[in-house]
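1. Requesting a structural model of the entry that follows:
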Amino acid sequence: MIKNFEELINAAQQIKNRKVVVVFPNNEETLSAIVQSCEKKLADFILIGDRDIISKKISGGKIPAEVEIIHQPIIADALKTSIDLIKSNKADVVLKGGVDTSTLMKALLAEDGGIRTGRLLSDVFIFEYPKRIENKLIMITDGGLTLAPDLKEKIELVNNSVEVAHALGNANPKVAMLSASEFVNPNLQSTVDAAIISKMNERGQIKGCLVDGPLALDNAISSDAAGEKKIGSQVAGNAEILVFPNIESANIFAKGTTYFAGYRLAHVIIGGRMPILIPSRADKSDAKMLSIALGKIMCEYYARR
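-> Numbers count the residues shown, from 1 in each chain. This next block holds a predicted model:
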């Protein structure tokens with residue numbers, strides 16, 4: 001099982017012959033992540049955008065041998081070329097460059113985009129929690145796409161995040177359905193949904209994981225807090241996947257792990273035909289490089305499955 005980001009990088013290095021298509025790369029952090037990934041032999045790249053800007057901003061001005069550039073200086077043309085590569089199976093992972101997320105996702109999710117599978121697409125964010133002795137990787141969902149998930153969508157969020165855990169070798173991840181309290185309150189829908197999903201897991205309707213909820217954040221990640229409140233479950237205090245009730249809480253918490261705690265991060269969109277990487281323009285090159293490694297592992301998982 002992959003338990004930290006160094007192991008994630010090592011695992012990605014063992015996977016060969018995977019190409020990442022980068023849509024309109026024009027910022028230094030993205031290009032730096034690509035150079036770092038080439039140095040670590042993580043992937044080959046097809047950069048679709050303005051060749052002059054790429055050449056000027058790429059580290060040292062030297063294009064790595066693993067990088068191919070397709071000159072498309074207009075965003076609309078770069079998107080079309082990217083879609084064509086995806087549909088012709090010439091790319092394995094999609095990475096957002098300087099194009100905004102809504103424009104990229106609209107193009108990818110169009111009927112002729114070649115990405116749709118009928119599943120819910122959701123973002124799985126991973127940070128490395130140094131206080132954990134064993135598995136240091138904790139997942140958060142969904143802070144990127146699903147605005148206010150209903151019960152059906154929350155089940156899909158669980159399944160998508162569990163799929164990422166399985167790709168990382170965690171065969172039975174512990175999933176916490178989060179709310180503001182560990183008690184079921186009919187006036188707080190997130191607690192009701194959490195209880196239903198936990199029972200569905202208990203009865204085998206949701207497989208490949210252990211689910212408990214509702215749980216407050218402290219009960220989910222702190223064994224001391226769980227013990228103080230006498231919550232007896234395998235998940236409480238040991239959660240590896242945190243399912244938040246809405247996009248606001250997930251997004252704010254995920255960014256808090258970066259800006260307050262300084263934890264490393266990676267994230268990937270799951271549910272399409274291939275992994276999609278939509279790092280924030282504010283993300284540093286390390287986060288983008290780790291996301292590339294994660295996307296490559298997900299691509300290999302899909303191929304083997």
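
2. can you list the weak-confidence ranges in the stretch 51-200 of the chain?
-> Scanning the stretch 51-200 of the chain for pLDDT under 70 picks out 59-61.

3. any chance you could map the helices in it?
-> Counting by DSSP state H, counting those that start in this stretch, residue ranges of the helices within the stretch 51-200 of the chain are 51-57, 75-87, 101-108, 151-167, 189-202.

4. Show me what the shortest one is packed against.
-> It refers to helix 51-57. If contacts are counted by 3 or more C-beta pairs under 8 Å, 6 or more residues apart in numbering; DSSP states H and E, helix 51-57 sits against helix 28-39, strand 67-71. For the C-beta atoms, the positions are set from N, CA and C on the backbone; glycine is no exception.

5. Out of the ones you listed, which gets nearest to Phe125?
-> Nearest to Phe125 among those is helix 28-39; the distance by C-beta to C-beta comes to 16.7 Å.

6. what's that closest one in contact with?
-> Helix 28-39 is contacted from outside by 20, 22, 25, 43, 45, 47, 54, 57-59, 64-67, 95, 97-98, 279, 281, 283-289, 292-293, using C-beta atoms under 8 Å, 6 or more residues apart in numbering.

7. average pLDDT across it?
-> For helix 28-39, the mean per-residue pLDDT is 92.

8. by how many degrees do that helix and strand 67-71 diverge?
-> For helix 28-39 against strand 67-71, the angle by axes from the mean of the first three to the mean of the last three C-alpha atoms, to 10 degrees is 140 degrees.

9. Buried residues of the following helix or strand past helix 28-39, list them for me.
-> Downstream of helix 28-39, the next assigned helix or strand under DSSP states H and E is strand 44-49. Residues of strand 44-49 classed as buried by neighbour count (16 or more other C-beta atoms under 10 Å): 44-49.

10. close enough to count as contact, Ala293 and Glu7?
-> No: taking contacts as C-beta atoms under 8 Å, Ala293 lies outside contact range of Glu7: 10.2 Å.

11. Have a look at these two and say which one is more surrounded.
-> Ala293 (24 against 15; other C-beta atoms under 10 Å).

12. how about the nearest residue to the more buried one, chain neighbours excluded?
-> Ala12 (3.8 Å; C-beta to C-beta, 6 or more residues apart in numbering).

13. Contact partners for that neighbour?
-> 42-43, 292-294, 296-297.

14. Please identify which of the residues you listed is nearest to Asp150.
-> Leu294 (27.4 Å).

15. What is the neighbour count of that closest one?
-> Neighbour count of Leu294, defined by other C-beta under 10 Å: 29.

16. before we move on, what about Ala76?
-> Count around Ala76 with other C-beta under 10 Å applied: 12.

17. ok, now which ones touch Ile206?
-> 155, 158-159, 197, 200.

18. Could you check how far Ala33 is from Gly295?
-> 12 Å (C-beta to C-beta, to the nearest Å).

19. quick revisit: closest one to Ala266 among the helices and strands packed on helix 51-57?
-> Of the helices and strands packed on helix 51-57, nearest to Ala266 by C-beta to C-beta is helix 28-39, at 11.0 Å.
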